[in-house]
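In: show me how the following folds:
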Amino acid sequence: MGIKEAIILAGGLGTRLRSAVPDLPKCLAPVNGRPFLTYVIRHLQSQGIEHFIFSLGYKSEAIIDFLRKDFPSLYFKTSVEDEPLGTGGAVKKACKLAKDKCLLVTNGDTLYKIDVEKVAGVHCLSGASCSLNLKPMTNFDRYGVVEIDNHCVIKSFKEKQHYESGLINGGVYALHAHKFLDENLPEKFSFETDYLEKFFQKRTMFGLVQDEYFIDIGVPEDLERAQVELKV
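Out: Predicted structure coming up:
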């Protein structure tokens with residue numbers, strides 16, 4: 001059973017990027033003449049994603065205009081926040097528009113070139129609530145670490161600090177939409193803190209290691225790196 005639907009979280013204010021892209025939502029930051037979101041959508045399309053739900057907030061009109069102009073045949077819906085709901089609230093609102101039981105959740109300012117079929121095979125067949133894609137990293141302090149056991153079940157989440165090596169949460173999830181909506185979570189909450197870290201011991205959650213290309217353009221230096229590494 002494959003995953004054909006994806007939620008892309010693209011409602012962030014992008015405050016750390018304001019110096020580099022003052023007038024745009026973070027996901028529309030230009031990379032080699034194309035908005036960064038172009039690369040995210042194209043990768044997901046290459047992995048068999050056919051239906052998109054864009055979770056929008058800040059300057060949502062700019063993103064909708066971009067989608068209509070650059071992806072005129074894309075099948076998409078929009079979930080627009082009137083006020084910031086946090087990552088969890090954004091996913092919850094967008095999930096209500098989903099038509100599939102299993103879907104992908106990712107960020108519009110992160111490109112993590114995972115194999116969707118690999119995570120779908122484990123996630124959908126197991127009936128897991130959520131499956132995280134984990135990126136191996138060395139010498140980092142921008143991310144916390146996720147620990148898994150020999151069966152890929154999540155054991156712990158560790159806080160941000162300097163690590164010599166570890167597995168980071170790559171921000172791409174396979175989510176069981178119905179189970180997530182049944183959790184009776186509030187309207188505003190953090191997906192990472194209030195869902196993943198609170199529920200991983202009570203629900204079935206897997207962490208799948210995918211050592212694939214990863215870039216998060218949340219800081220100016222990584223936006224610069226994207227200009228070198230990403231080609232149209």
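In: each with direction, which strands does the top strand by length along the chain pair with?
Out: Using DSSP state E to define each element, the chain has its longest strand at strand 163-176. Paired neighbours of strand 163-176 in the sheet (DSSP bridges): strand 102-107 (antiparallel), strand 130-140 (antiparallel).
In: quick one: buried residues of it?
Out: 163, 166, 167, 168, 169, 170, 171, 172, 173, 174, 175, 176 (16 or more other CB atoms under 10 Å). In this view, the C-beta of every residue, glycine as well, is placed from N, C-alpha and C.
In: could you give me the average pLDDT of the helix or strand that that strand is followed by?
Out: Counting by DSSP states H and E, the next helix or strand C-terminal to strand 163-176 is helix 177-181. The pLDDT scores in helix 177-181 average 96.
In: ok, now which ones touch the nearest residue to residue 81 once chain neighbours are set aside?
Out: With sequence-adjacent residues excluded and distances taken as CB to CB, 6 or more residues apart in numbering, residue 81 is closest to residue 57, at 4.2 Å. By CB atoms under 8 Å, 6 or more residues apart in numbering, the contact set of residue 57 is 11, 12, 13, 80, 81, 84, 85, 90.
In: shouldn't the fourth one be in contact with residue 58?
Out: So the one you mean is residue 80. No - counting by CB atoms under 8 Å, residue 58 is not a contact partner of residue 80; they are 10.3 Å apart.
In: quick one, strands of this structure?
Out: Taking DSSP E to define them, one finds strands in the chain at 5-10, 30-31, 34-35, 51-56, 75-80, 102-107, 110-112, 130-140, 145-148, 154-158, 163-176, 205-209, 214-216.
In: would TSV of those with distance to residue 193 be doable?
Out: Below are the strands of the chain laid out as TSV (distance: least, CB to CB, whole Å):
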stretch	distance to residue 193
strand 5-10	15
strand 30-31	29
strand 34-35	29
strand 51-56	18
strand 75-80	21
strand 102-107	15
strand 110-112	18
strand 130-140	14
strand 145-148	13
strand 154-158	9
strand 163-176	12
strand 205-209	14
strand 214-216	18
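In: what distance do you get for residue 92 to residue 139?
Out: Counting by CB to CB, to the nearest Å, the gap from residue 92 to residue 139 is 35 Å.
In: same question, residue 214
Out: Applying CB to CB, the value for residue 214 to residue 139 is 15 Å.
In: below-threshold pLDDT in this protein: ranges please.
Out: Low-confidence segments of the chain, defined by pLDDT under 70: 1, 13-22, 232.
In: centroid residue for it?
Out: In the chain, the C-alpha closest to the average C-alpha coordinate belongs to residue 106, at a distance of 1.8 Å (CA atoms, centre = their mean).
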